[in-house]
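Asks: Sequence first, predicted coordinates after that:
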Amino acid sequence: MILIVEDDRMLMMGLQVALKTKGSQVLQAGSVREALSVYDQQAGSIDFVLLDMRLPDGTGMEVCRHIRRRSSVPIIFLTACDDEKNAVEALGSGGDDYMTKPFHLRELLARMDAIRRRSAPHGEKKTIFRIGENVIDIRKGRVERQGREILLSAVEYRLLLVFLQNRGQLLRRNQILSFLWDDGGEFVNDNTLTVYIRRLRQKLDDEDGQQIETVRGMGYRLREDS
């Protein structure tokens with residue numbers, strides 16, 4: 001399913017027709033607020049995002065960063081601004097490609113196909129992880145235990161990803177804070193980090209720290225065999 005975030009109604013309609021003709025299902029949003037709501041509700045079904053750079057209530061980069069905290073789903077930015085600064089900002093926020101309006105639909109579809117091929121090469125990246133009885137699907141941004149979804153806040157989920165990406169390694173508190181540096185407005189400092197780790201452990205049924213271990217005086221480590 002493809003999420004189109006675009007406030008130009010004519011362009012939105014054209015994209016919908018072209019994509020549906022190719023057999024794709026489409027979700028639409030016309031603002032940052034609507035895009036975040038649609039994505040959070042349908043994250044498990046969305047496999048591609050077309051994202052306008054400028055929206056009535058903000059920028060596409062805000063949406064992109066929100067998605068990147070939970071998923072590696074392909075994202076192409078669409079923009080009316082043809083300059084290097086916009087391209088750098090779009091790609092720097094997590095976009096996979098950048099197209100300047102007006103563009104040919106055939107070129108957009110070709111670029112989408114190319115990104116899909118790159119995203120699923122011969123050896124696909126692992127997207128399912130386990131911590132104890134918890135199953136984490138990083139492509140869908142979903143955590144489950146015994147078939148029931150475990151709801152995490154944005155910071156808790158990013159903290160979980162930090163541990164998964166550094167599994168078995170000792171992480172000092174300042175390292176974790178640097179990974180969690182939040183450009184979305186939710187500030188994390190040394191004191192609140194302790195709170196977030198405690199909450200994450202509780203939600204993963206790991207209050208005793210058997211999975212996310214405390215290395216006294218040094219930091220934390222996610223067990224290799226957890």
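Replies: Cool, the structure landed.

Asks: Show me how the chain divides into domains.
Replies: Per the record, the chain has its domains at 2-119, 128-222, by automatic domain parsing.

Asks: out of the ones you listed, deepest packed?
Replies: Compared across those, domain 2-119 shows the largest average neighbour count, a mean of 17 (mean count of other C-beta atoms under 10 Å). Every residue, glycine included, has its C-beta placed from N, CA and C.

Asks: So for that domain, mean pLDDT?
Replies: The pLDDT scores in domain 2-119 average 88.

Asks: how far is that domain from where the chain is centred?
Replies: In terms of C-alpha atoms, centre = their mean, to the nearest Å, the centre of domain 2-119 is set 13 Å apart from its chain centre.

Asks: helices or strands up against the strand or helix carrying Val17?
Replies: Assessed by DSSP states H and E, Val17 sits inside helix 9-21. With contacts taken as 3 or more C-beta pairs under 8 Å, 6 or more residues apart in numbering; DSSP states H and E, helix 9-21 sits against strand 2-5, strand 26-29, helix 105-119.

Asks: Adding distance to Val49 as columns, could you present these in TSV?
Replies: Converted to TSV, the helices and strands packed on helix 9-21 look like this (distance: least, C-beta to C-beta, whole Å):
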stretch	distance to Val49
strand 2-5	5
strand 26-29	9
helix 105-119	10
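
Asks: what about the ones you listed, which gets the closest to Tyr39?
Replies: Nearest to Tyr39, of all the helices and strands packed on helix 9-21, is strand 2-5, at 6.4 Å by C-beta to C-beta.

Asks: for the residue most central in space within the chain, what are its contacts?
Replies: Closest to where the C-alpha atoms of the chain average out (C-alpha atoms, centre = their mean) is Arg68, at 2.5 Å. By C-beta atoms under 8 Å, 6 or more residues apart in numbering, the residues touching Arg68 are 93-94.

Asks: one more time with 10 Å, if that's ok
Replies: Each residue near Arg68 by C-beta atoms under 10 Å, 6 or more residues apart in numbering is listed here: 75, 93-95, 158.

Asks: Check those residues and tell me the two furthest apart.
Replies: Within the contacts of Arg68, Gly95 and Arg158 form the most distant pair, 18.7 Å apart (C-beta to C-beta).

Asks: From Leu50, how far out is Ile115?
Replies: 11 Å (C-beta to C-beta, to the nearest Å).

Asks: Mind listing the shared neighbours of those two?
Replies: Between them, Ile115 and Leu50 share the contacting residues 74-76, judged by C-beta under 10 Å, 6+ apart.

Asks: Which parts of the chain are helices?
Replies: 9-21, 32-42, 60-68, 84-92, 105-119, 154-165, 173-180, 190-203 (DSSP state H).

Asks: Reformat the ones you listed as TSV; add distance to Arg145.
Replies: Below are the helices of the chain laid out as TSV (distance: least, C-beta to C-beta, whole Å):
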stretch	distance to Arg145
helix 9-21	36
helix 32-42	20
helix 60-68	24
helix 84-92	35
helix 105-119	28
helix 154-165	13
helix 173-180	23
helix 190-203	9
